[in-house]
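Student: coords below, sequence missing:
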């Protein structure tokens, strides 16, 4: 009797239709909300700047979402050790589908076309984002870069450029068509993503139809989780903590339990999985064991962090390791930790981890919206410093490279950071107490300072500066 009233396919289709309608309603409401916003009011851009570091900077919203899985795995948008997932999923998830003998040639062809479209949009957009290029200049820039290498000198680099060329050429032609239906904001992207989900589920059901109900349900749950992560997480990896181990688990299961394959093929696939996993584990271990927050390009070449290794064998104490890992931090912390009641205005950096009672004292303004609003109230830099002091702030910690990763077209974070630098520059209400930026004077002498004077050059750009509000 249960089979008479419960029809899984119809239920699944109905659910997808409801979700599709909800997405259209949400998109329309969002469009109206954007149109009715008060454009005269100052717009806080911190959320956009933070999200775009993970989501990407593509002009077309559709391309931004479609390329997000590739960008996340390849660290295109956010390149950092804490978001590195490795390359296994990008290789083996498509392979699991294609090696099955449970699908016909039409399903296999459809899946290949879907993957081709995914790569066609992902690879060029990743290149454009990384190089900060427009679509119009992409082909010429790629030709210029590739001409600097020869196959005999750098075979892998040359091969990578040759593989990129057809993708870039096709993408430039496809871009005009996509720009007619998509943009930074549009009403078609979310509908198209749901249609892609339906198409993917149709192809996937052909691949997993021979499995039991529990396995199919788990796979459908994982697909839904990945899709919701795609829509709602903006590419932030730790929002997919459940998704990541499950995807790795299904890679292993799919590669080792495929039926209908010749024994030799199964051995080759298993060897490929084990070999690729071993390479990834070795590289990841070396990457994690080395000093991934490199102080200089020379130290980045080391396979291990020398200071930490010397500490482990007892040759150096922890103070020596700390000073070598975080140069000049101790100088600043001796001031900051003399007392634990004053507030600290933080603009980036890791230093607050070493500040006493940092949960109560440190106020973070990593995207400078708070500063921008204060600067509007107090245009004079000295008055602004006095205002911060009146609020209870005594120290300012600043990341000297804060705006380096700002790839937005308007350069909003760079503009705010330049205003902040102007506030710091020769402000009589501020005193520099520590920095790791090294400047070289005309006579060859070195000094620690943030802003070079006449005939001075930057020897080491450094990472931070700490000012005391007088």
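Tutor: Thanks, I have the structure now. These figures come from a predicted structure and were not determined experimentally.
Student: switch to C-alpha atoms for all contacts and neighbour counts from now on
Tutor: OK.
Student: Pull up the gap between residue 420 and residue 371, please.
Tutor: 8 Å (CA to CA, to the nearest Å).
Student: before we move on, what about residue 311?
Tutor: Residue 311 sits 41 Å away from residue 371, going by CA to CA.
Student: middle-most residue in the protein, spatially?
Tutor: Centroid-nearest residue in the chain, with CA atoms, centre = their mean: residue 78, separated by 2.2 Å.
Student: for that residue, helix, strand, or coil?
Tutor: Assigned with DSSP: H, G, I helix; E, B strand; the rest coil, residue 78 falls in the coil class.
Student: From residue 102, how far off is it?
Tutor: Residue 78 is 38 Å from residue 102, by CA to CA.
Student: same check, this time on residue 266
Tutor: Taking CA to CA, one finds residue 266 at 16 Å from residue 102.
Student: could you give me the average pLDDT of stretch 104-122?
Tutor: In this model, stretch 104-122 has a mean pLDDT of 86.
Student: For whichever helix or strand residue 383 is part of, list every residue counted as buried.
Tutor: Per DSSP states H and E: residue 383 is located in helix 381-390. Buried residues in helix 381-390, counted by 16 or more other CA atoms under 10 Å: 381-382, 384-386, 388-389.
Student: before we move on, what about stretch 408-423?
Tutor: Result for stretch 408-423 [16+ other CA under 10 Å]: buried residues 408, 412-414, 416-417, 419-420, 423.
Student: Point out the least confident member of those, please.
Tutor: Ranking those by pLDDT, residue 408 lands last with 73.
Student: quick one: contacts for that residue?
Tutor: Going by CA atoms under 8 Å, 6 or more residues apart in numbering, residue 408 touches 49, 57.
Student: and it, how far is that from residue 214?
Tutor: Where residue 214 is concerned, residue 408 sits at a distance of 45 Å (CA to CA).
Student: same deal with residue 111?
Tutor: Taking CA to CA, one finds residue 111 at 24 Å from residue 214.
Student: Give me the residue ranges of the stretch 1-150 of the chain where confidence is low.
Tutor: Within the stretch 1-150 of the chain, the segments meeting pLDDT under 70 span 1-44.
Student: Spell out the residue ranges of the strands in it.
Tutor: Under the criterion DSSP state E, counting those that start in this stretch, the stretch 1-150 of the chain carries no strands.
Student: For it, just list every one of the helices.
Tutor: Counting by DSSP state H, counting those that start in this stretch, the stretch 1-150 of the chain has helices at residues 2-5, 8-35, 46-55, 61-66, 68-74, 88-98, 105-131, 135-146.
Student: ok, and what's touching the third one?
Tutor: Translated: helix 46-55. Counting by CA under 8 Å, 6+ apart, 64-65, 68, 72, 77-78, 234-236, 367-369, 405-406, 408, 413 sit against helix 46-55.
Student: Please state the offset of that helix from the chain centre?
Tutor: 9 Å (CA atoms, centre = their mean, to the nearest Å).
Student: Quick check: buried residues in that helix?
Tutor: 46, 49, 52-55.
Student: What separation do you get for residue 132 and residue 318?
Tutor: Computed as CA to CA, the residue 132 to residue 318 distance reads 41 Å.
Student: cool, and residue 279?
Tutor: Per CA to CA, residue 279 is found 33 Å from residue 318.
Student: between those two, which one's more packed in?
Tutor: The neighbour count for residue 279 versus residue 318, taken as other CA atoms under 10 Å, is higher for residue 318 (14 against 11).
Student: Enumerate every residue touching that one.
Tutor: With CA under 8 Å, 6+ apart, residue 318 has these contacts: residue 311.
Student: and if you look at residue 84?
Tutor: Per CA under 8 Å, 6+ apart, neighbours of residue 84: 72-75.
Student: repeat that with 10 Å
Tutor: 72-75, 78, 237, 284 (CA atoms under 10 Å, 6 or more residues apart in numbering).
Student: Ok, residue 336 next?
Tutor: Each residue near residue 336 by CA under 10 Å, 6+ apart is listed here: 330, 342-344, 352, 354-356, 394-396, 433, 466, 468.
Student: how does the chain divide into domains?
Tutor: Under the assignment automatic domain parsing, the domains of the chain span 8-32+52-288, 290-325, 326-469.
Student: Need the winner for burial among these.
Tutor: domain 326-469 (a mean of 17; mean count of other CA atoms under 10 Å).
Student: so how far is it from its chain's centroid?
Tutor: The answer for domain 326-469 is 25 Å, by CA atoms, centre = their mean.
Student: what's the answer for stretch 312-329, then?
Tutor: The answer for stretch 312-329 is 30 Å, by CA atoms, centre = their mean.
Student: ok, back up a step: out of the buried residues of helix 46-55, flag the one nearest to residue 245.
Tutor: Of all the buried residues of helix 46-55, residue 245 sits closest to residue 54, with 20.1 Å by CA to CA.
Student: Now the terminal residues of stretch 145-152, how far apart.
Tutor: 16 Å.
Student: hmm, who's touching it?
Tutor: 154-162, 165.
Student: from those, which single one is nearest residue 121?
Tutor: Nearest to residue 121 among the contacts of stretch 145-152, with distances taken as CA to CA, is residue 165, at 13.1 Å.
Student: For the closest one, report the pLDDT, please.
Tutor: Value listed for residue 165 in the pLDDT field: 86.
Student: The helix or strand it falls within versus helix 105-131: what angle between them?
Tutor: Using DSSP H and E, residue 165 sits within helix 155-179. Angle between the axes of helix 155-179 and helix 105-131 is 100 degrees (criterion: axes from the mean of the first three to the mean of the last three CA atoms, to 10 degrees).
Student: and helix 155-179, how far from the chain's centre?
Tutor: 22 Å.
Student: helices or strands next to the helix or strand that that helix is followed by in the packing?
Tutor: Of the helices and strands lying after helix 155-179 in sequence (DSSP H and E), the nearest is helix 189-208. Counting contacts by 3 or more CA pairs under 10 Å, 6 or more residues apart in numbering; DSSP states H and E, helix 189-208 packs against helix 8-35, helix 61-66, helix 88-98, helix 105-131, helix 213-232.
Student: mean confidence for helix 189-208?
Tutor: Per-residue scores along helix 189-208 average to 86.
Student: That one: how far from the chain's middle?
Tutor: 26 Å.
Student: Could you number the chain from 55 rather than 1 from now on?
Tutor: In the new count, where the first residue is 55, that last one comes out as helix 243-262.
Student: residues touching the closest residue in space to residue 117 that isn't next to it in sequence, list them.
Tutor: In this structure, residue 117 finds its nearest non-sequential neighbour in residue 175, 6.3 Å apart by CA to CA, 6 or more residues apart in numbering. Remark: with contacts taken as CA under 10 Å, 6+ apart, residue 175 is in contact with 116-118, 120-121, 124, 221-222, 224-225, 228-229.
Student: Overlap in contacts, residue 474 and residue 425.
Tutor: Joint contacts of residue 474 and residue 425 (CA under 10 Å, 6+ apart) are residue 401.
Student: Identify all contacting residues around stretch 154-171.
Tutor: 120, 148, 151-153, 172-174, 176, 221, 250, 253-254, 256-264, 308-309, 312-315.
Student: ok, now how distant is residue 147 from residue 228?
Tutor: Distance from residue 147 to residue 228, by CA to CA: 26 Å.
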